[in-house]
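Colleague: My questions concern the predicted model and sequence given below.
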Amino acid sequence: MSTLEIDLTKIADLAAERRDEFEVLLYQLQNDDEIDDVKLDAVVEQIASPIRQAIDCTQCANCCRSIEIYIVPEDIPVLAEGTGRTLEEVTTHYVENPDSADEMKLKSCPCRLLKGKLCSVYEHRPESCRIYPAFTLEFRWTLENTIQGASICPIIYNVLSELVEKVGSLYPVISK
């Protein structure tokens, strides 16, 4: 693993500079029928795991300030417990489109549950927050969305950068 970039300003600039490289990676992975999704996911997780461990999300929280947070109905009682509010209060104060299970999200961006760089309901945060950034489970089919996050998330930027550097040598590992 090379030196990790964690400066958010630099990451935004570098992600913009490397956008074409990330798009080439997307094209390569999505258009090669010889790539085994399970093997690719394992390799990506092998790259991502030490990067996730080295970067402390609680010192960044840029995702909480920059992206919309989608939730599922199961998140509402958990948020109620974490905020000390009723289900109705959580739905009224925090949830946009509460009647649409496909389009439910927290009302504000930045997230109003964020206090400084820490989530005020960290142990009760929505599932989408718990798994962010997610790289596996059909990585190559979610890569387009992942690339969108490269400019805001140090973990995503560093994983994609390392993957771009290694992709040629990975082909024997990820091919069927």
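Modeller: Cool, got the structure.
Colleague: can you map out the strands along the protein?
Modeller: Along the chain, the segments classed as strands by DSSP state E run 95-96, 105-106, 114-115, 118-119.
Colleague: Those strands: which one's closest to R19?
Modeller: Closest to R19 of the strands of the chain is strand 105-106 (CB to CB; 25.8 Å). (Each C-beta comes from the backbone N, C-alpha and C, glycine too.)
Colleague: Could you pull up the mean pLDDT of that closest one?
Modeller: Averaged across strand 105-106, the pLDDT comes to 94.
Colleague: And for stretch 113-120?
Modeller: 94.
Colleague: try stretch 11-31
Modeller: Throughout stretch 11-31, pLDDT has a mean value of 94.
Colleague: send the alpha carbons of it over as PDB?
Modeller: The C-alpha trace of stretch 11-31 is given here as PDB (Å, rounded to 0.1, in the frame of the first residue of the first chain):
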ATOM      1  CA  ILE A  11      -8.500  14.500  -3.000                       C
ATOM      2  CA  ALA A  12     -11.100  16.600  -4.800                       C
ATOM      3  CA  ASP A  13      -8.400  17.900  -7.200                       C
ATOM      4  CA  LEU A  14      -6.700  14.500  -7.700                       C
ATOM      5  CA  ALA A  15     -10.000  12.700  -8.300                       C
ATOM      6  CA  ALA A  16     -10.900  15.200 -11.000                       C
ATOM      7  CA  GLU A  17      -7.400  14.800 -12.600                       C
ATOM      8  CA  ARG A  18      -7.700  11.000 -12.500                       C
ATOM      9  CA  ARG A  19     -11.400  10.800 -13.600                       C
ATOM     10  CA  ASP A  20     -10.400   9.500 -17.000                       C
ATOM     11  CA  GLU A  21      -8.300   6.700 -15.500                       C
ATOM     12  CA  PHE A  22     -11.200   5.700 -13.200                       C
ATOM     13  CA  GLU A  23     -13.600   5.700 -16.200                       C
ATOM     14  CA  VAL A  24     -11.100   3.500 -18.200                       C
ATOM     15  CA  LEU A  25     -11.100   1.100 -15.200                       C
ATOM     16  CA  LEU A  26     -14.900   1.100 -15.300                       C
ATOM     17  CA  TYR A  27     -14.900   0.300 -19.000                       C
ATOM     18  CA  GLN A  28     -12.400  -2.500 -18.700                       C
ATOM     19  CA  LEU A  29     -14.200  -4.200 -15.800                       C
ATOM     20  CA  GLN A  30     -17.700  -3.900 -17.200                       C
ATOM     21  CA  ASN A  31     -16.800  -5.000 -20.700                       C
END
